[in-house]
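Chemist: only geometry, no sequence info:
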């Protein structure tokens, strides 16, 4: 009987260790590219201010960051945070035009340490450089025709997705829509947001989260519910109530909605959006992506104001060199202010981590990296309640380097 239990535990641990989550390290968090009319000093100053605001948004994750008074003040003093800048010309796609056009941009990089200190002063959360990769199934309905958008599509929407991904620091990929994808699911599967075929087709992309986004100028528009939409046109409200709401729905040309599948790697979990109504599909797409980004940010961001302690165990430290590597790794985590060795027993080491933010945020970020892999092992030497006697089990990890 004991051998059978050990065998089952081995199988479970093998399966858990084989699960990998794809994450991407964003290397240009403190850099932004902004369109500029000319190289005049006035245009340059305005563009550099916009570039710093873009960096603040990329680092902070939420649009509300730009409403903070300390951040607002820093934008007026952008030169104090600027490292360097240069001009560049890029080809961009314009809606309704064939081919592409040239546009002048200014590429600016800012001081990481100063910006981080600014966020700490403002008590605003920071989002680390290791971020979850998102797979976007974008399906477009034009009249009676539906198509799944890929990077090779002639639509301008993929360009908008890639531009948003760079600007907000959220790794977003789109399906290839090759024979493999077409053999695994149909357009109806994506439109209906059927989880099983979508998840099976998504496995090859190793994304941490799957988004299905639908944009339509026909069926979704006629099926819109008046109590379930976001009006991106920001029409002023009045006292006419429901008739005015129905009128606004009928007057818009496009509708967009999205769903987030298996969010947090919980089987079957799905978060649905409201509908977004407007006249410009690119603006609707950007608004939907912004809301998805903020939802993801809320899980992974680290609070600069709130500090917590978390005790963890690393189970397979069998020599001094490995201990040094683990200790340095923990102290270099953006979520960790400091790491202290509490005790050692055999090849296991227990550490106390002083966190910037919640333990949930740290554990979620560790899932994006295979260096420390959390295991479920009832035989672990330190898998026992914390010294405070609160009955909370210490999370156990394996060092995989």
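Modeler: Nice, thanks for sending it over. On a predicted model such as this, the values are computed, not experimentally measured, just so you know.
Chemist: what's the closest non-adjacent residue to residue 215?
Modeler: Counting by CB to CB, 6 or more residues apart in numbering, residue 256 is the residue found nearest to residue 215 once chain neighbours are left out, at 4.5 Å. C-beta: built from backbone N, CA, C; applies to glycine.
Chemist: what are the bridge partners for that neighbour, then?
Modeler: Residue 256 forms beta bridges with residue 215, residue 276, as assigned by DSSP bridges.
Chemist: and residue 105, how far from residue 92?
Modeler: Distance of residue 105 to residue 92, given as CB to CB, to the nearest Å: 9 Å.
Chemist: same thing with residue 126?
Modeler: Separation of residue 126 from residue 92 (CB to CB): 31 Å.
Chemist: residue 118 too?
Modeler: 31 Å.
Chemist: and for residue 373?
Modeler: Distance, residue 373 to residue 92, using CB to CB: 42 Å.
Chemist: with residue 299 instead?
Modeler: Noted for residue 299: a distance of 32 Å to residue 92, by CB to CB.
Chemist: same check, this time on residue 129
Modeler: Separation of residue 129 from residue 92 (CB to CB): 27 Å.
Chemist: comparing the two, which residue is more hemmed in?
Modeler: More neighbours surround residue 129 than the other of residue 129 and residue 92, with 17 against 13 (other CB atoms under 10 Å).
Chemist: residues contacting that one?
Modeler: Going by CB atoms under 8 Å, 6 or more residues apart in numbering, residue 129 touches 25, 26, 27, 29, 334.
Chemist: what is the burial count for the second one?
Modeler: What it means is residue 26. Count around residue 26 with other CB under 10 Å applied: 21.
Chemist: strands of the stretch 301-401 of the chain, start to end?
Modeler: Using DSSP state E, counting those that start in this stretch, the strands of the stretch 301-401 of the chain run over 307-314, 336-345, 348-356, 372-375, 396-399.
Chemist: closest to residue 55 out of those strands?
Modeler: For residue 55, the closest of the strands of the stretch 301-401 of the chain is strand 348-356, at 19.6 Å, according to CB to CB.
Chemist: give the other helices and strands that the closest one contacts.
Modeler: For strand 348-356, the elements it packs on are strand 307-314, helix 320-332, strand 336-345, helix 359-366, judged by 3 or more CB pairs under 8 Å, 6 or more residues apart in numbering; DSSP states H and E.
Chemist: again, only using 10 Å
Modeler: strand 307-314, helix 320-332, strand 336-345, helix 359-366, strand 396-399 (3 or more CB pairs under 10 Å, 6 or more residues apart in numbering; DSSP states H and E).
Chemist: so what strands line up beside the shortest one?
Modeler: Sheet neighbours of strand 396-399, with direction, are listed as strand 307-314 (parallel), strand 372-375 (antiparallel) (DSSP bridges).
Chemist: dump those strands into a markdown table; add mean neighbour count as well.
Modeler: A markdown table is the format used below for those (neighbours: other CB atoms under 10 Å):
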| stretch | mean neighbour count |
| --- | --- |
| strand 307-314 | 19 |
| strand 372-375 | 18 |
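Chemist: residue ranges with poor pLDDT in the stretch 101-250 of the chain?
Modeler: Counting by pLDDT under 70, the ranges of the stretch 101-250 of the chain that qualify are 223-250.
Chemist: contacts only, for residue 58.
Modeler: Applying CB atoms under 10 Å, 6 or more residues apart in numbering to residue 58 gives the contacts 26, 28-32, 65, 127, 166-170, 293.
Chemist: so which helix or strand takes in it?
Modeler: helix 41-60 (DSSP states H and E).
Chemist: out of the strands of the stretch 301-401 of the chain, nearest to residue 214?
Modeler: strand 372-375 (35.2 Å).
Chemist: what's the average pLDDT for the closest one?
Modeler: Taken as a whole, strand 372-375 has a mean pLDDT of 87.
Chemist: likewise stretch 257-276?
Modeler: Averaging pLDDT along stretch 257-276 gives 74.
Chemist: what distance separates the start and the end of that stretch?
Modeler: Using CA to CA, to the nearest Å, the end-to-end distance of stretch 257-276 comes to 6 Å.
Chemist: low-confidence ranges, the stretch 251-400 of the chain, go.
Modeler: In the stretch 251-400 of the chain (pLDDT under 70), the answer is 262-269, 303-307, 376-392.
Chemist: wait, residue 105 touches residue 35, no?
Modeler: Yes - Residue 105 lies in contact with residue 35 (CB atoms under 10 Å); the separation is 5.6 Å.
Chemist: common neighbours of these two, please.
Modeler: By CB under 10 Å, 6+ apart, the residues touching both residue 105 and residue 35 are 47, 90, 92.
Chemist: same list, those, but as a markdown table with distance to residue 343 please.
Modeler: A markdown table is the format used below for the shared contacts of residue 105 and residue 35 (distance: CB to CB, whole Å):
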| residue | distance to residue 343 |
| --- | --- |
| 47 | 54 |
| 90 | 55 |
| 92 | 58 |
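Chemist: quick one on the thing from earlier: closest one to residue 57 among the strands of the stretch 301-401 of the chain?
Modeler: Closest of those to residue 57 is strand 348-356, at 19.8 Å (criterion: CB to CB).
Chemist: no further questions, thank you.
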